[in-house]
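Asks: Using only what follows, build the 3D model:
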Amino acid sequence: MTSHDNHAFKPIATVDLAIFSLSPAGLSVLLVRRANAPFSGDWALPGGWIHIDEDADLEAAARRVLKEKTGVETPYLEQLQTTGSRSRDPRGWSISIVYIALLSADDVAERQGGMAAEAEWRMIEGEGVGCPIAFDHAALLKEAVGRIRSKVEYSSLPGHLLPVHFTLSELQSVYETLLGRKLDKSAFRKRMAEADFLEPVEGEMRRASNRPAQVFRLKDTRSLALFDRTI
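Replies: Residues are numbered from 1 along each chain as shown. A predicted model of the protein is given here:
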């Protein structure tokens, strides 16, 4: 290859999204069935080209792709990693910027019509979805699941998987689901109060077994509160 060829070479550049939500059975990830080669007919993480004339930056590209695939505009987004190699895409040298997106139960219920055709929620089993997926997406999903599970230990991440309004009992249940263990109720509530990422919804209570439960919401839906120690 000549120096001129090197100068003209442009790698494939995409954003890929590990989009998570929580179903009654546990953590789920959104997959789409590819319509075109390579890997036509295979399941993959949602993704798309970076539009250099349209996307102001990488997060803008990720948010655009997210809206195209799910109809959702402003969930929690976090950049996971950048990966690239000659071998990850049969079409040539490929770079992918990978993001994690968290959709609340409300987002999923309200945006079913906005989901991409041939899109499907798949339960997380261990570190993946229990079936082959295209490109190197199994490795990317493994990294994303690991990031989710580690952050549950020291952040407000589970709150971003709940509906906009929720009780402390519902929040504790999500933490327990993602951690795979039970938590002491009084210690959990003390930690949530110390972390100061919730605000009560004034005048809104929910029926509970003993007495009405206060309803809460996140103070900031686009960032995580980090705890000073693990939960």
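
Asks: Show the contacting residues for the residue nearest to the spatial centre of the chain.
Replies: In the chain, the C-alpha nearest the mean C-alpha coordinate belongs to A101, at 2.7 Å (C-alpha atoms, centre = their mean). Neighbour list for A101: L17, A18, I19, F20, A62, L66, V72, P75, Y76, L77 [criterion: C-beta atoms under 8 Å, 6 or more residues apart in numbering]. Heads up, the C-betas are built off the backbone N, CA and C, glycines and all.

Asks: Compute the number of surrounding residues for the fifth one.
Replies: Around A62 there are 25 other residues, counting by other C-beta atoms under 10 Å.

Asks: Pop the domain breakdown of the chain in here.
Replies: 3-148, 157-218 (automatic domain parsing).

Asks: now the ones you listed in a markdown table, with distance to T230 and mean pLDDT?
Replies: A markdown table is the format used below for these (distance: least, C-beta to C-beta, whole Å; pLDDT from 0 to 100):
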| stretch | distance to T230 | mean pLDDT |
| --- | --- | --- |
| domain 3-148 | 15 | 89 |
| domain 157-218 | 10 | 93 |
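
Asks: Relative to F227, tell me which of those wins on proximity.
Replies: Closest of the domains of the chain to F227 is domain 157-218, at 5.4 Å (criterion: C-beta to C-beta).

Asks: packing partners for the longest strand anywhere in the chain?
Replies: Longest strand in the chain, counting residues (DSSP state E): strand 12-23. When contacts are defined as 3 or more C-beta pairs under 8 Å, 6 or more residues apart in numbering; DSSP states H and E, strand 12-23 packs onto strand 26-33, strand 47-49, helix 58-70, strand 94-102, helix 105-110, strand 119-123, helix 137-152.

Asks: got these as a markdown table, with distance to A225 columns?
Replies: A markdown table is the format used below for the helices and strands packed on strand 12-23 (distance: least, C-beta to C-beta, whole Å):
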| stretch | distance to A225 |
| --- | --- |
| strand 26-33 | 20 |
| strand 47-49 | 29 |
| helix 58-70 | 20 |
| strand 94-102 | 14 |
| helix 105-110 | 20 |
| strand 119-123 | 27 |
| helix 137-152 | 11 |
